[in-house]
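S.K.: From the sequence below, what's the structure:
(one chain, ligands or ions: 3)
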Amino acid sequence: MATIKVSPRRLRERMEQLGTIGRDPAGGLTRLPFAPAHVQAVQRSAQMMREAGLDAGVDEFGNLIGQRSGRREAALLAGSHLDTVPQGGIFDGALGVVAAIECAQTLREANRPLQHGLAVMAFADEEGHAFGAGTLSSRALVGEIGRSRLAQLRDETGRSVDDYLRARTHGLPPAKVPAQVGAYVELHIEQGPVLERMGRVVAAVESITGILRTPVVIEGRASHAGTTPMPGRADALVGAAELVLAVRELALAERDRAVGTIGRAHVLPGATNVIPGRVELTVELRSPDAQVLETLRDAVEERSREIADRHHLTVRLGAWDLSPPVPLDPRMRDAVVRAIERCGHPPLTLPSWAGHDAGVMSRYVPAGMIFVVSTGGLSHSPDERTPWEAVETGAQVLLETLLFLDDAPDMSRRLPLAYAAG
Ligand code: HGY
Ligand code: MN
Ligand code: MN
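M.R.: Residues are numbered from 1 along each chain as shown. Ligands and ions are numbered 1, 2, ... in the order given. Below you'll find the model as predicted:
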């Protein structure tokens, strides 16, 4: 049975506190990376880290890190992200950060220091909404997204990632994550319906889906909506509509092996009485199978050419941004399953159809994930909920996983950190 216990009261208090930062008048939370609400959440989380006895600081890529050293050179990393999608929920990302802080504080209060160092990670931009690149901050940390690209990626205000990183508006000291990493563990909500349908609370994650994204610009000819006869129009929104249906049809044809979404579309000039001359949208494809992703990518490109020809449009796809599918380290999966059983729950493993920073970390160090149930399978929504008992269970499983890893044989690896200053 579990020995040292996390504090459900403190977990809930801190989740509810963070859950008030970035409230969107239209509903839910909007905490886009580096925006004022995100900075406030970083500062509040840093305070929680200090209360847990951790040194809190922000690295060159905007990631908040709370850490303390241990007797072993390698550190155990635990955490998630603090940014949200527009009008998102209070659990996506924040749960993993708050639970990791809770583990640090529980270990400190039980006077049970780990042999490893411990670093709590709060990645700055995981969602990819603001700058168009998912898991941006963890990929920047390991050098998969280089500094020149950080200077090019701009949000809707026109500011680049680099502009924000130089500003360091959070006022927190500089920090660096330890390079020698024993393991990275992330607690996250499932964001889907599977656990609830199975009547289960918690599971170990076995793999993380691949995600392919590209911006698309469709251009036709804006003209008068009344005087322009239907035949011969070059209506960019008609082309966009056909592309939406094509993505849906192609993903459905792959049955349960793929999903496809066009989640953003900007229609210009956006007047009732003007035929749309331009539509800017994003195409997103997901599959746990890299081959399926490639097939879908080629099919979307083919359909785009056909739509352009049929409607006298230009359809330009940008560079595809790929987060490849990753199987998580079986040793980590088994460590999480073992912790789940120690917490009195039956063993279960699930694939993740959501992307996570753990997917990036797993390319370099042993990485594991813990899922807890999402009520109604809802996420990326103001209605995102997880029962507080499940929050407590997830945090306890995280603590048991860290305790197990602390005594496990060394499997540490070095992170290829992209920090500038040595
Ligand atoms: O989009 C995702 O899968 C994650 O929630 N960022
Ligand atoms: Mn997330
Ligand atoms: Mn998310």
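S.K.: so where's this protein uncertain?
M.R.: Under the criterion pLDDT under 70, the flagged ranges of the chain are 1-2, 421-422.
S.K.: Name the nearest residue to the residue of it found nearest ligand 1, ignoring sequence neighbours.
M.R.: At 3.4 Å from ligand 1, residue 354 is the closest residue in the chain, using CB to the nearest ligand atom. In this view, the C-beta of every residue, glycine as well, is placed from N, C-alpha and C. When the adjacent residues along the chain are set aside, residue 354 lies closest to residue 191, with 4.9 Å between them (CB to CB, 6 or more residues apart in numbering).
S.K.: Equivalent analysis for residue 265, please.
M.R.: residue 281 (4.2 Å).
S.K.: circling back to that earlier point, from memory the residue of the chain closest to ligand 1 sits against residue 205, does it?
M.R.: No. Under the criterion of CB atoms under 8 Å, residue 354 is not in contact with residue 205, lying 9.7 Å apart.
S.K.: Between those two, point out the one with more neighbours.
M.R.: Applying other CB atoms under 10 Å to residue 354 and residue 205 shows that residue 205 carries more neighbours, namely 25 against 20.
S.K.: helices and strands around the helix or strand encompassing that one, which ones?
M.R.: Secondary structure assigned from DSSP states H and E places residue 205 in strand 202-208. Taking 3 or more CB pairs under 8 Å, 6 or more residues apart in numbering; DSSP states H and E as contact, the helices and strands that strand 202-208 lies on are strand 326-327, helix 330-342, strand 349-352, helix 357-361, strand 367-372, helix 388-407.
S.K.: do you know which of these lies nearest ligand 2?
M.R.: Closest approach to ligand 2 among the helices and strands packed on strand 202-208 (CB to the ion): helix 357-361, 8.1 Å.
S.K.: so does that closest one get close to ligand 1?
M.R.: No. Residues of helix 357-361 are not located near ligand 1 by CB under 6 Å from any ligand atom, the shortest gap being 9.1 Å.
S.K.: Numbering from 3 from now on, please.
M.R.: Okay, using 3 as the starting number, the last item reads as helix 359-363.
S.K.: Tabulate the CA atom coordinates of that helix in CSV.
M.R.: What follows is the C-alpha trace of helix 359-363 in CSV, where atoms were taken according to Å, rounded to 0.1, in the frame of the first residue of the first chain:
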residue,chain,number,x,y,z
ASP,A,359,6.0,17.1,-24.0
ALA,A,360,6.7,13.5,-22.8
GLY,A,361,6.8,12.6,-26.5
VAL,A,362,9.7,15.0,-27.1
MET,A,363,11.5,14.0,-23.9
